[in-house]
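In: prediction below, plus the sequence it came from.
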Amino acid sequence: MLLDIKAKPSKLFFPDENEEDAEPAIEMDWHCKEGLALNTQLVKNEFCEKRNLKPVKIFVTGPPGAGKSFYGK
């Protein structure tokens, strides 16, 4: 299924240089210039830091064959 939302990037980010009244692009310090996919860890760390979240650690133990590996996945 293809979803075409017919969206155009804002002139804030990609000004049309051919227009006479075009404003210059705003200089920004990009946080994730390469995109979210390449900066997932950075975004996750920032999200957790701002919300004071700590990682959850779980210890799974039991005798051999109890299903530790199965439930650990």
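Out: Yep, it's here. Numbering: from 1, shown residues only.

In: check which element follows the lengthiest helix in the chain along the chain.
Out: Ranked by residue count under DSSP state H, the longest helix found in the chain is helix 40-50. Next helix or strand after helix 40-50 toward the C-terminus (DSSP states H and E): helix 68-72.

In: buried residues, that following helix. List them.
Out: Under the neighbour-count criterion of 16 or more other C-beta atoms under 10 Å, helix 68-72 has nothing buried. In short, each C-beta sits where N, CA and C put it, glycine included.

In: who's in contact with it?
Out: With contacts defined as C-beta atoms under 8 Å, 6 or more residues apart in numbering, helix 68-72 is touched by 60-62.

In: out of the residues you listed, which is most surrounded?
Out: Neighbour counts for the contacts of helix 68-72, by other C-beta atoms under 10 Å, peak at V60, which reaches 11 neighbours.

In: can you give me phi and psi for that residue?
Out: Per-residue torsions, V60: phi -110, psi 120 (degrees, to the nearest 10).
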